[in-house]
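[1] Provide a 3D model corresponding to the input given below.
(one chain, ligands or ions: 1)
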Amino acid sequence: MSTHRAVTLASRPEGWPEASNFALKQIETLAPADGELLVEIIYLSVDPYMRGRMRDAKSYAAPIELGAVMTGGAVARVVESKSPEYQAGDIVVGDLGWQEKAVVPAKAVRPVDSSIAPISTALSVLGMTGLTAYFGLLDICDPKPSETVVVSGAAGAVGMIVGQIARLKGCRVVGIAGSDEKCDYLVDELGFHAAFNYKTVDHYRKKLAELCPNGIDCYFDNVGGPITDAVFMLLADRARISICGQISQYNNTKVEQGPRQLAQLIVHRAKVEGFLVFDYAERFPEGLNELAAWLRDGKIRYRENVVDGLENAPDAFIGMMQGDNIGKQLVRVKPE
Ligand SMILES: NC(=O)c1ccc[n+]([C@@H]2O[C@H](COP(=O)([O-])OP(=O)(O)OC[C@H]3O[C@@H](n4cnc5c(N)ncnc54)[C@H](OP(=O)(O)O)[C@@H]3O)[C@@H](O)[C@H]2O)c1
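    Reported below is the predicted structural model:
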């Protein structure tokens, strides 16, 4: 029997995830049936949404079963194809899990064109997080030239692309991130107009008022909590708020009591909308084409934080939840 290594969910976290919630196991490598592919995984994505899947609660997707392989997007090379659409050696991206090999239906993956950018970008700027930034900003906030756009979680995979797209649209862009190094990167390298470190600024509202003198027209929210409460107090009339993520709440064991600033939505006739990137699946080609063109023309930049070794995926995930990453957090399972 042929086997490969996989990271499984050993227990459900209470509060912050820990290494003991994961187990590294040797599991059977199945043979592909008709219409399926056997692939070897090269890059694995670790993402905040996985924290939700580790919880046994009703959400937009089913929880990961205890003992099951952790779910996650991955870039992989086809080893054996039982589908006319792919041949051995092709590079694909799909939901392949935290493991060294996978057997998947050919229809469940998409090809990766390695001539456009490094293949890892199929998990970052030219993948799920880039598309989240693209649709969550352009479709929901619809930013106009000279408007002020605030992005929380700004130095992460989604946030850094949001800010750059807003800059391309002619907006004033203000980022909020968790270290001075991250804030310097946003302003010096990515062209944000301003950024502040929420871990060292005491009064978010005062700081935002200083950086956004005309109010906030668009808010792309990756984090929720007190940062979002402060933004609500500075909305411009007809503001649009895109609720992408609420990472500050993901490890809470009980629902946080907020200051309830919803009256601000009445005062400023503002609009708040949550979204899931997969709602835009039919428009992914449009988003990917535009992101690839901006990347090719040097109009947007990206950064990836790569950790080596499948066995280090749990630490990479926990580190990303704690803010260790600048840009997209990836795990290199196998050299390219
Ligand atoms: N709606 C969708 O379809 C969709 C799709 C993808 C992602 N998302 C959401 O988008 C957000 C960003 O995802 P990502 O993949 O780009 O992750 P990411 O930003 O690359 O990584 C997570 C970042 O969150 C920040 N963070 C952690 N705890 C925080 C807290 N208490 N307050 C403020 N910031 C905190 C950390 O940076 P700091 O150093 O700045 O704290 C960390 O680097 C997440 O909320 C995720 O769930 C939604």
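
[2] every contact and neighbour count from this point should use C-alpha atoms.
    OK.

[3] surely Asn222 and Cys244 touch.
    Yes. The pair Asn222 / Cys244 is scored as a contact, 5.3 Å apart, by CA atoms under 8 Å.

[4] just the terminal-to-terminal distance for stretch 320-327.
    Taking CA to CA, to the nearest Å as the measure, stretch 320-327 stretches 10 Å from start to finish.

[5] which stretches in the stretch 1-150 of the chain count as strands?
    Listed in chain order, the strands of the stretch 1-150 of the chain (DSSP state E, counting those that start in this stretch) span residues 3-9, 22-28, 36-45, 73-81, 91-95, 101-105, 109-111, 148-152.

[6] send the alpha carbons of the fourth one over as PDB?
    Listed next in PDB are the C-alpha coordinates belonging to strand 73-81 (Å, rounded to 0.1, in the frame of the first residue of the first chain):
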ATOM      1  CA  GLY A  73      -6.400  25.300  -1.100                       C
ATOM      2  CA  ALA A  74      -3.200  24.000  -2.700                       C
ATOM      3  CA  VAL A  75      -1.100  24.200  -5.800                       C
ATOM      4  CA  ALA A  76      -0.100  20.800  -7.000                       C
ATOM      5  CA  ARG A  77       1.500  18.900  -9.900                       C
ATOM      6  CA  VAL A  78      -0.400  16.100 -11.700                       C
ATOM      7  CA  VAL A  79       1.300  12.800 -11.200                       C
ATOM      8  CA  GLU A  80      -1.300  10.600 -12.900                       C
ATOM      9  CA  SER A  81      -4.300  11.700 -14.900                       C
END
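
[7] helices or strands next to it in the packing?
    Packing partners of strand 73-81 (3 or more CA pairs under 8 Å, 6 or more residues apart in numbering; DSSP states H and E): strand 36-45, strand 91-95.

[8] and of these, who's closest to the ligand?
    Among those, the nearest to the ligand by CA to the nearest ligand atom is strand 36-45 (9.0 Å).

[9] about what we covered before: ok, which of the strands of the stretch 1-150 of the chain comes nearest the ligand?
    Taking the strands of the stretch 1-150 of the chain one by one with CA to the nearest ligand atom, strand 148-152 is closest: 7.0 Å.

[10] run a quick neighbour tally on the residue nearest to Gly156 when sequence neighbours are not counted.
    Nearest residue to Gly156, sequence neighbours excluded (CA to CA, 6 or more residues apart in numbering): Gly327, at 4.5 Å. The number of residues packed around Gly327, counting by other CA atoms under 10 Å, is 23.

[11] how about Gly327, phi and psi?
    phi 80, psi -160 (degrees, to the nearest 10).

[12] wait, what's in contact with it?
    For Gly327, the contact set (CA atoms under 8 Å, 6 or more residues apart in numbering) comprises 155-158, 160, 302-305.

[13] how close does the most centrally placed residue in the chain get to the ligand?
    For the chain, Thr129 is the residue whose C-alpha lies nearest the centre (CA atoms, centre = their mean; 4.2 Å). Taking CA to the nearest ligand atom, to the nearest Å as the measure, Thr129 falls 5 Å from the ligand.

[14] can you give me the helices in this structure?
    Counting by DSSP state H, the chain has helices at residues 49-53, 128-135, 157-168, 180-184, 204-211, 225-232, 263-267, 284-296, 313-322.

[15] got CSV for the ones you listed, with mean pLDDT too?
    CSV is the format used below for those (pLDDT from 0 to 100):
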stretch, mean pLDDT
helix 49-53, 97
helix 128-135, 98
helix 157-168, 99
helix 180-184, 98
helix 204-211, 98
helix 225-232, 98
helix 263-267, 97
helix 284-296, 98
helix 313-322, 98
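
[16] wait, which of these is closest to Leu24?
    Proximity to Leu24 (CA to CA) singles out helix 313-322 among the helices of the chain, at 9.6 Å.

[17] and stretch 34-45, average pLDDT?
    Averaging pLDDT along stretch 34-45 gives 98.

[18] that one close to the ligand?
    No. Applying CA under 6 Å from any ligand atom, one finds stretch 34-45 out of contact with the ligand, separated by at least 9.0 Å.

[19] okay, buried residues for that stretch please.
    By 16 or more other CA atoms under 10 Å, the buried positions in stretch 34-45 come out as 36-45.

[20] and those, which two are furthest apart?
    Pairwise over the buried residues of stretch 34-45, using CA to CA, the maximum falls at Glu36 and Ser45, 22.0 Å.

[21] show me what from the stretch 151-300 of the chain comes close to the ligand.
    153, 156-159, 177-179, 222-223, 244-248, 275-277.

[22] what about 5 Å?
    With the criterion set to CA under 5 Å from any ligand atom, the stretch 151-300 of the chain comes near the ligand through 153, 156-158, 177-178, 222-223, 244-248, 276-277.
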